[in-house]
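Q: Build me a model:
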Amino acid sequence: MRKEGVPWFLAVVILASQGAGDAKAQGPEGNEPGQASWAGSATLGYSTGIGPDFGGGSSVGFTAGLFRVRSSRFALGLEAGYSRLGGTTSDSRDFAGPGSLLSEEFNWSVAHAAAVARFALARSSIRPVGILGVGLYMPRSRDEIKGWDGNGVRIPFYDFFETRSEIKPGASVGLAVEFPDALGSLTIGAEARWHAVFTIGPGGVATADFATIAVGVGFE
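A: Residues are numbered from 1 along each chain as shown. Predicted structure coming up:
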């Protein structure tokens, strides 16, 4: 895990606090100040581990969220997501005689549930949006080993299967580009986010990181 501070996270928290304060005086677009509405979103895309902690693998990820729109620029809500981060496969041949094979597959995935704030940086037909999330992340590892003899017959003695998971605090920061009302009442867009899973110990705070790039659809 990377043992370093999280200055990017503190900076975004400061900006988020300022943006939320500005948003209180505004209502959702087309509404009176102080009114609010509901919005939903869903994304599907690419997830990849950053650094050695998640094996550097990559695969698919998705999220679903429900937000309370406080103004035309600010929304706050809850999000659930899952990222499969791929893994590694290693083979050992002739380990138990000619033609035998011992194969190990190791995979990472991360599920999360978080409070997420979204800040529209401009009001136009192409809308950039800043994203900040804080919540709980559950990294999960899966390790499986299988063996075959030279005739392709399984050798049960070498079979091994183990999963491990742990719930930890985490945060994310990202940027989206949205096209409001691109499909009637639906908004389409794309986003990129950096996720950090924190481990707090005697040596300080360490992070295991992964990134997501996704396309999505939203409604209000």
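
Q: What segments of this structure are helices?
A: Remark: helices assigned in the chain by DSSP state H are 7-23.

Q: all strands for it, in order.
A: Along the chain, counting by DSSP state E, strands occupy 2-3, 37-50, 58-69, 74-93, 101-120, 127-148, 160-165, 168-183, 186-201, 204-219.

Q: which residues touch the closest residue to residue 129 other than its chain neighbours?
A: Closest residue to residue 129 apart from its sequence neighbours, by CB to CB, 6 or more residues apart in numbering: residue 176 at 4.3 Å. All C-beta atoms are positioned from the backbone trio N, CA, C, and that covers glycine. Residue 176 makes contact with 118, 128, 129, 131, 189, 190, 191, 192, 216 under the criterion CB atoms under 8 Å, 6 or more residues apart in numbering.

Q: Could you verify my assumption that residue 147 touches residue 101?
A: Yes: between residue 147 and residue 101 there is a contact at 7.0 Å, judged by CB atoms under 8 Å.

Q: list residues touching both of those two?
A: With CB under 8 Å, 6+ apart, residue 147 and residue 101 have common neighbours residue 95.

Q: Neighbour count for those two, which is higher?
A: Between residue 147 and residue 101, counted using other CB atoms under 10 Å, residue 147 has the larger neighbour count: 20 against 17.

Q: How much space separates the more buried one from residue 106?
A: 16 Å (CB to CB, to the nearest Å).

Q: among the contacts of residue 176, which ones are buried?
A: 118, 129, 131, 189, 191, 216 (16 or more other CB atoms under 10 Å).
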